[in-house]
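**Student:** Generate a structure from the sequence data that follows.
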Amino acid sequence: MVTCRELVDEVSRVVVTFLSWASGLALVGYLAARFAIGDRFWAVALMSNFAICCFLPLLILIPLGLVTRSRSGLLIVLPLAAIGMLSFAPITLPRTITPTETRTLRVVTFNVYQANDRLDAVSGWLESTGADLIFLQEAPDDYIETLNDRFAGSYPYRAAQLSPESPWGNLLLSRFPILDTENLDETGDGSPNTQQRYLLDVDGQNLAVYNVDLAFPVGQVRFQIPLLSAPLNTLVAGYDATTRDYQIERLISRVSEEPQPFIVAGDFNMSSSTLIYNQLAAHMNDAFLNAGSGFGGSWPVPAAGTLFPSFIPPLLRVDYIWYSDHFRAIEAEQGPRLGSDHLPLLAVLETAP
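**Tutor:** Just a heads-up that it's a prediction; the model follows:
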């Protein structure tokens, strides 16, 4: 006779096995589609951008499989977990980097967020970093004016990208003279510029820096998903990285022909698990990948009016500091939560030996 405990155990095992195979087959399908067609289909591109989220259920299913002794479930989730570890574990490993005696640059990038209600805290933290270059995105116009006044002494060279079509813009704060400023029209559709190139004089040497805020990857909503909030439904059912990827391709073309040492910083709205990330990494160096530790998730951070609920941690690394082979990253770390839906990023670069 089957006891109640045995019945519960068997039902639990069946449920865990079903969930394991359902999640596992969905993940296998995604990996196969990514290998076969890349990110050309919107659903595959969506899953690539949020790839780390696709593997997170395995963290629950593996212990459940062990507890319920679901051998069949473990048969599919364990190999997939190994794939996830090989994909994401390397960036979490601590790095030992020995600085040299060459010139260093402290660089900060931060998407301030247009509805940020902690701008005084942002200003205080920026001052505390001692950065040589500060790249800001989505800074409210009045806050840009505030920073221009507050940082006039410590950052005598400043350049803002403002647009009458938007109440916020990008801002570069520099300790070094700005020799040239160029707004880059990299959208191809006449929308406000969100990329700028500046030529700086750093102790007699030219340095090109790019401040970028790439398009958020959403377009026309294809369908409605029951029980999902409107913003999340837009992100999932309206995912479209066409404009963002076009901007990235144009940026790659730009830096490939850049005659000066360069630094590129900003909000790329692209995680490091996307295929187009690999194209960027083939032409420039990722400061956090080379000198940081941990996953480096910088978005989403709970803030007023944002897409995600407060219990979701910043899972995606979308904010970057890139640099040419003229430099080497010796430090990279994230800043604190400062009222934005992004975390700031700080990196220390030295001249490559």
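**Student:** Residue ranges in the stretch 201-350 of the chain under the pLDDT threshold?
**Tutor:** Along the stretch 201-350 of the chain, the model assigns pLDDT under 70 to residues 304-308.
**Student:** need the helices for it, in chain order.
**Tutor:** Ranges of helices within the stretch 201-350 of the chain are 230-237, 242-256, 275-281, 287-291, based on DSSP state H, counting those that start in this stretch.
**Student:** Turn these into JSON lines, columns for distance to residue 36 and mean neighbour count.
**Tutor:** Where you see a C-beta, it was placed from the backbone N, CA and C, and this is true even at glycine. Formatted as JSON lines, the entries for these read as follows, by distance: least, C-beta to C-beta, whole Å; neighbours: other C-beta atoms under 10 Å:
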{"stretch": "helix 230-237", "distance to residue 36": "22", "mean neighbour count": "16"}
{"stretch": "helix 242-256", "distance to residue 36": "19", "mean neighbour count": "18"}
{"stretch": "helix 275-281", "distance to residue 36": "12", "mean neighbour count": "16"}
{"stretch": "helix 287-291", "distance to residue 36": "27", "mean neighbour count": "22"}
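**Student:** I'd like to know how far the most centrally placed residue in the chain sits from residue 352.
**Tutor:** The structure's the chain has its C-alpha centroid closest to residue 318; by C-alpha atoms, centre = their mean the separation is 0.7 Å. Here the criterion is C-beta to C-beta, to the nearest Å. By it, residue 318 lies 26 Å from residue 352.
**Student:** rewinding a little: list the residues that contact the residue nearest to the centre of the chain.
**Tutor:** For residue 318, the residues meeting the contact criterion (C-beta atoms under 8 Å, 6 or more residues apart in numbering) are 267, 268, 269, 270, 271, 298, 299, 342.
**Student:** Which of these sits closest to residue 255?
**Tutor:** Nearest to residue 255 out of these is residue 268 (C-beta to C-beta; 13.4 Å).
**Student:** and the gap between the closest one and residue 18?
**Tutor:** Taking C-beta to C-beta, one finds residue 268 at 38 Å from residue 18.
**Student:** Over to residue 253?
**Tutor:** Taken as C-beta to C-beta, the spacing of residue 253 relative to residue 18 amounts to 48 Å.
**Student:** what's the closest of the helices of the stretch 201-350 of the chain to residue 180?
**Tutor:** Each of those has some distance to residue 180 by C-beta to C-beta; the shortest is helix 242-256, at 14.3 Å.
**Student:** For the closest one, give me every contacting residue.
**Tutor:** Judged by C-beta under 8 Å, 6+ apart, the contacts made with helix 242-256 from elsewhere in the structure are 184, 186-189, 194-195, 197, 210, 212, 214-217, 219, 262, 264, 268-270, 276, 279-280, 283-284, 324.
**Student:** show me the contacts for the closest residue in space to residue 268 that isn't next to it in sequence.
**Tutor:** Computed as C-beta to C-beta, 6 or more residues apart in numbering, the closest residue to residue 268 that is not its neighbour in sequence is residue 214, at 5.1 Å. Remark: with contacts taken as C-beta under 8 Å, 6+ apart, residue 214 is in contact with 194, 195, 244, 247, 248, 266, 267, 268, 269, 270.
**Student:** returning to that earlier point: now intersect the contacts of helix 242-256 with the strands, please.
**Tutor:** Within the contacts of helix 242-256, membership in strands is found for 184, 195, 197, 210, 212, 262, 264, as judged by DSSP state E.
**Student:** Pick out whichever of those sits closest to residue 231.
**Tutor:** Taking C-beta to C-beta as the measure, residue 231 sits nearest to residue 212 out of these, at 23.7 Å.
**Student:** I figured the closest one hits residue 183, correct?
**Tutor:** No: here residue 212 does not reach residue 183: they are 11.7 Å apart, not a contact under C-beta atoms under 8 Å.
**Student:** any idea how far residue 47 is from residue 241?
**Tutor:** Summarising the geometry, the distance separating residue 241 from residue 47, computed by C-beta to C-beta, is 12 Å.
**Student:** higher neighbour count, these two?
**Tutor:** Neighbours per residue (other C-beta atoms under 10 Å) separate residue 241 from residue 47, with residue 241 holding more: 25 against 22.
**Student:** give me phi/psi at that one?
**Tutor:** Reported as degrees, to the nearest 10, the phi and psi values for residue 241 are phi -100, psi 20.
**Student:** what's the closest of the contacts of residue 214 to residue 61?
**Tutor:** Using C-beta to C-beta, residue 270 is the member of these that sits closest to residue 61, with 28.1 Å.
**Student:** Report the contact partners of the closest one.
**Tutor:** Taking C-beta under 8 Å, 6+ apart, we find residue 270 in contact with 49, 214, 217, 241, 244, 248, 276, 277, 318.
**Student:** How about the contacts made by the fourth one?
**Tutor:** Okay, so that is residue 241. Neighbouring residues of residue 241 by C-beta under 8 Å, 6+ apart: 39, 42, 45, 49, 217, 270, 274, 276.
**Student:** Most neighbours among the residues you listed, which one?
**Tutor:** Among these, residue 49 has more neighbours than the rest - 26 neighbours, counting by other C-beta under 10 Å.
**Student:** Just the pLDDT at that residue, thanks.
**Tutor:** In the prediction, the pLDDT value recorded for residue 49 is 94.
**Student:** Now do the phi/psi pair for it.
**Tutor:** phi -60, psi -30.
**Student:** try residue 115
**Tutor:** The phi/psi pair for residue 115 (degrees, to the nearest 10) reads phi -100, psi 20.
**Student:** and what of residue 318?
**Tutor:** The phi and psi values for residue 318, taken as degrees, to the nearest 10, are phi -120, psi -10.
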